[in-house]
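1. Got a predicted structure here, sequence first:
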Amino acid sequence: MKVIGTAGHIDHGKSTLVKRLTGIDPDRLEEEKRRGMTVDLGFAWLDLPSGTRVSIVDVPGHERFVHNMLAGVGGIDLALIVVAADESVMPQTREHAAILDLLGVDRAVVVITKADVVEDALLELVAEDARQLLQPTRLAGAPVVAVDGVSGRGVDTLLATLDRSLANVPPRIDSGASYLPIDRAFTRAGFGTIVTGTLHAGSLAAGDDVDILPSGKRARIRGLHIHGSSVETAPPGARVAVNLAAVSVQELRRGDAISRGGALRTVQRFDARMRVLPASPISLRSGLSVRVHVGAAEVGARLRCLNASVAEPGVEAWIRVVLDVPVAARRGQTFVVRLPSPLGTVGGGEIVDLSPRRGPRGEVTSRLERLGADRLADVALAGLGSRPWSAAGLSAQLGESTTRVKGALNALAALGKAIEIGDSYIAAAAWEDVCGRVREGVDTYHRQHPLRIGIPKEELRRVARWPTETWADAVRVLVRTGVVVERAGVVALPNHAMPASGSAGDRIRALLTAEPFCPPDGPELIRRAGGDRELLSLLVRDGSAVRVSDDLYFSRRAYEEAVGRVAAILAVEGSVTVARVRDELGTSRRYALALLEYLDRQRMTRREGDVRVAGSREIPCA
């Protein structure tokens with residue numbers, strides 16, 4: 001399941017665009033409809049041209065409602081950054097882009113709305129402003145599309161762009177530990193308590209018993225809805241409405257979380273790696289009062305700088321966050337820090353330690369450095385699961401930079417916990433399973449086809465259950481580590497004897513050698529040697545013979561000598577006839593014609609009337 005979240009300044013047309021794309025008005029509150037301004041989260045869904053259905057979270061653009069925006073953008077797969085053509089990049093565009101970067105969102109499409117009210121030259125200037133805004137962030141290079149939400153201009157292009165941008169989003173891994181931040185809680189007649197949110201991790205199923213954190217209450221899932229339809233199971237990444245039993249709506253609030261399988265802990269302090277934004281209105285100092293956004297929760301907190309007395313804008317620092325009230329959180333989770341007054345985003349980062357310890361600064365920060373490295377390696381290993389991942393694909397899945405994930409994967413490979421397959425990695429235990437399937441599959445093939453030298457690579461790929469795009473790299477590793485050997489484009493076990501080395505194969509080789517330029521044809525070879533068509537094909541694959549027509553074969557040595565003589569004639573005379581080749585080789589017209597027609601197909605010669613001339617491929621000398 002994929003989720004798109006809007007972002008951008010107030011009155012730039014986010015809600016109008018969502019309604020144009022989906023036919024659903026995301027402004028659900030009476031106040032929003034009356035004022036014509038989004039103040040809280042809105043929700044819709046959309047079928048892309050490929051048929052993929054995606055959820056959309058529409059966020060408010062006013063600076064007073066950034067806390068509502070933060071409650072909804074966690075867990076999105078792609079940001080729809082909206083910029084009005086008549087105003088260009090504005091303050092909330094900048095703050096929303098910075099927040100998306102802090103939260104690890106790394107895919108976006110920039111939409112220039114109100115495209116019909118300005119000239120094309122100005123449209124391009126606005127697009128360039130947007131590109132420059134995103135350049136220092138992980139959203140750099142996002143495609144830009146101009147649309148008009150009222151007339152529909154550019155909407156088809158936008159839909160196609162969204163489809164392409166989401167096509168390579170890797171599937172989320174179901175780790176078994178479920179985490180759903182609650183961004184809305186309400187009641188509905190006949191159902192009772194309902195909460196909504198984006199399922200950040202794990203899956204949920206009707207009938208599951210779940211924890212509500214930070215309160216610690218228990219509840220049971222009565223039902224699940226996705227895009228207005230009842231479902232039995234909600235997969236990772238889905239926007240889902242959860243009907244809960246055994247808990248009242250009065251016992252819930254935005255920022256609570258549904259947890260199953262130990263995904264979360266209730267904490268009131270944590271240590272974290274934090275990045276202070278270059279545009280932060282203040283420096284970071286110990287004792288600073290802030291608002292911290294974790295999941296869908298917003299709580300007051302005080303900060304303590306751990307590795308310096310002050311963290312200036314644009315730097316990264318270790319900090320301790322002491323919250324006014326407990327929240328549900330997990331190690332590795334991202335968070336955002338804002339000032340309560342004047343409103344503004346200071347920075348954000350990643351939770352490293354949910355059980356912070358007292359001690360000298362140097363000792364505390366050394367522990368955090370170690371925990372940070374260990375945490376990422378552990379998460380990367382768990383994220384690899386049973387399939388190969390590229391560093392870029394896994395970084396998108398984990399919300400980490402590609403550089404950091406690549407370092408963690410290299411460390412795991414050095415420890416033997418992961419295997420590097422080209423540009424991808426797979427957990428060592430999973431790779432052993434692949435090797436086991438490969439050995440078993442190749443052995444079965446050898447027993448079923450004793451006269452073949454090995455299994456075709458594509459057939460083996462299906463046995464190994466390996467993705468097509470990295471299979472060539474996987475085969476190279478299998479060969480390098482001695483699991484299999486590669487022969488004439490197919491794969492065999494290392495101890496597999498070449499079937500053509502038997503008596504029938506040797507007899508066929510002898511017959512081809514005895515009469516090099518007029519050997520017996522295929523049926524005669526089979527009759528006299530006691531082999532079959534499979535054995536003849538095997539001799540061609542292992543290079544012992546060359547098949548020049550349906551039933552005519554030359555030994556490799558005779559073929560190379562014949563080709564060398566043809567090349568010598570062409571070099572001197574410029575052309576050659578069938579009769580000339582017949583006489584040169586002391587053979588019959590049948591063999592001479594078959595040889596030249598074979599060379600025509602190989603583009604070594606080209607027929608011009610009754611003669612052959614040199615073709616586009618050079619003929620190798622004998």
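-> Now that the structure is in, tell me what you want to look at.
2. C-alpha from now on. contacts and neighbour counts both.
-> Noted.
3. ok, which stretches of the stretch 251-400 of the chain are helices?
-> Applying DSSP state H, counting those that start in this stretch to the stretch 251-400 of the chain gives helices spanning 361-384, 391-398.
4. Residue 477: what's it in contact with?
-> residue 421 (Cα atoms under 8 Å, 6 or more residues apart in numbering).
5. what's near enough to touch the residue nearest to residue 14 when sequence neighbours are not counted?
-> In this structure, residue 14 finds its nearest non-sequential neighbour in residue 82, 6.2 Å apart by Cα to Cα, 6 or more residues apart in numbering. Counting by Cα under 8 Å, 6+ apart, residue 82 touches 6, 7, 8, 9, 12, 13, 14, 93, 110, 111, 112, 113.
6. Now name the helix or strand holding residue 82.
-> Using DSSP states H and E, residue 82 sits in strand 78-84.
7. just to revisit the earlier point, look up which residues are beta-bridged to the residue nearest to residue 14.
-> residue 8, residue 111 (DSSP bridges).
8. That one and residue 9, how far apart?
-> Shown here: residue 82 relative to residue 9, a distance of 8 Å by Cα to Cα, to the nearest Å.
9. Next: residue 380.
-> As defined by Cα to Cα, residue 380 lies at a distance of 36 Å from residue 9.
10. just the helices in the stretch 401-550 of the chain please.
-> According to DSSP H, counting those that start in this stretch, the helices that the stretch 401-550 of the chain contains are 402-414, 428-448, 457-464, 471-480, 503-514, 522-529, 533-541.
11. nearest to residue 256, of the ones you listed?
-> Shortest distance between residue 256 and those, using Cα to Cα, is found for helix 402-414: 29.7 Å.
12. now the closest one and helix 428-448, what's the angle there?
-> Relative orientation of helix 402-414 versus helix 428-448 (axes from the mean of the first three to the mean of the last three Cα atoms, to 10 degrees): 60 degrees.
13. Now helix 402-414: buried residues?
-> Neighbour counts over helix 402-414 (16 or more other Cα atoms under 10 Å) mark 402, 405, 406, 408, 409, 410, 412, 413 as buried.
14. how is the protein carved up into domains?
-> Listed by automatic domain parsing, the domain ranges of the chain are 2-167, 178-260, 267-356, 372-497, 500-614.
15. Dump the ones you listed into CSV; add mean pLDDT and distance to residue 365 as well.
-> Formatted as CSV, those follow (pLDDT from 0 to 100; distance: least, Cα to Cα, whole Å):
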stretch, mean pLDDT, distance to residue 365
domain 2-167, 86, 21
domain 178-260, 92, 28
domain 267-356, 90, 7
domain 372-497, 84, 10
domain 500-614, 87, 62
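16. what would those domains look like in TSV with distance to residue 364?
-> Output for these, formatted as TSV (distance: least, Cα to Cα, whole Å):
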stretch	distance to residue 364
domain 2-167	24
domain 178-260	26
domain 267-356	8
domain 372-497	12
domain 500-614	64
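17. if we can go back for a sec, mind putting the buried residues of helix 402-414 into TSV with distance to residue 123?
-> Shown next, in TSV, are the buried residues of helix 402-414 (distance: Cα to Cα, whole Å):
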residue	distance to residue 123
402	33
405	37
406	38
408	42
409	43
410	44
412	48
413	48
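18. how many other residues sit next to the nearest residue to residue 413 once chain neighbours are set aside?
-> Among residues not flanking residue 413 along the chain, residue 419 sits closest, at 5.5 Å (Cα to Cα, 6+ apart). Residues lying near residue 419 (other Cα atoms under 10 Å) number 23.
19. Residue 590 too?
-> For residue 590, the count of nearby residues is 12 (other Cα under 10 Å).
20. Identify each buried residue in whatever helix or strand it lives in, please.
-> Assessed by DSSP H and E, residue 590 sits inside helix 589-601. By neighbour count on 16+ other Cα under 10 Å, the buried set for helix 589-601 is 589, 591, 592, 593, 594, 595, 596, 597, 598, 599, 600.
21. Equivalent analysis for stretch 144-159, please.
-> 144, 145, 146, 147, 148, 149, 153, 154, 155, 158, 159.
22. For residue 570, give me its contacts.
-> So residue 570 contacts 576, 613, 614 (Cα under 8 Å, 6+ apart).
23. ok, so of the residues you listed, who is nearest residue 171?
-> Residue 171 lies nearest to residue 614 out of these, by Cα to Cα, at 53.6 Å.
24. Counting neighbours, what do you get for that closest one?
-> Residue 614 is flanked by 21 other residues according to other Cα under 10 Å.
25. Beta-bridge partners for residue 490, please?
-> On the basis of DSSP bridges, residue 490 is bridged to residue 456, residue 487.
26. That one and residue 452 touch, don't they?
-> No. Look at residue 490 against residue 452 with Cα atoms under 8 Å: they stay out of range, at 9.5 Å.
27. between the two, who's got more neighbours?
-> The residue with more neighbours, out of residue 490 and residue 452, is residue 452; 22 against 17, by other Cα under 10 Å.
28. who touches the more buried one in this structure?
-> Residues near residue 452 by Cα under 8 Å, 6+ apart: 446, 499, 534, 535, 538.
29. how close does it sit to residue 582?
-> 34 Å.
30. And residue 254, by the same measure?
-> Residue 254 is 90 Å from residue 582, by Cα to Cα.
31. To what extent is the nearest residue to residue 309 once chain neighbours are set aside buried, counted in neighbours?
-> Nearest non-adjacent residue to residue 309, counting by Cα to Cα, 6+ apart: residue 285, 6.4 Å away. The number of residues packed around residue 285, counting by other Cα under 10 Å, is 18.
32. Verify the contact between residue 285 and residue 307 for me.
-> No. Between residue 285 and residue 307 there is no contact under Cα under 8 Å: 11.2 Å.
33. Give me the neighbour count for residue 264.
-> By other Cα under 10 Å, 23 other residues sit near residue 264.
34. Narrow the contacts of residue 570 to those in helices?
-> Using DSSP state H, no member of the contacts of residue 570 falls within helices.
35. rewinding a little: closest one of the buried residues of stretch 144-159 to residue 170?
-> Nearest to residue 170, judged by Cα to Cα, of the buried residues of stretch 144-159 is residue 159 at 19.5 Å.
36. Who are the contact partners of residue 113?
-> 12, 13, 17, 82, 83, 84, 85, 146, 147, 148, 149.
37. Kindly list the main-chain dihedrals of it?
-> Main-chain torsions, residue 113, degrees, to the nearest 10: phi -90, psi 170.
38. where does residue 223 fall, phi/psi-wise?
-> phi -170, psi 160.
39. Who is it paired with across the strands?
-> Counting by DSSP bridges, the residues bridging with residue 223 are residue 243.
40. shouldn't it be in contact with residue 240?
-> No. Contact between residue 223 and residue 240 fails when scored by Cα under 8 Å: they sit 10.3 Å apart.
41. Comparing the two, which residue is more hemmed in?
-> Neighbour tally, residue 223 and residue 240, criterion other Cα under 10 Å: the higher count belongs to residue 240, 25 against 21.
42. which SSE is that one in?
-> Element membership for residue 240 (DSSP H and E) is strand 239-245.
43. Show me the contact partners of that strand.
-> With contacts defined as Cα under 8 Å, 6+ apart, strand 239-245 is touched by 3, 55, 191-199, 219-227, 234.
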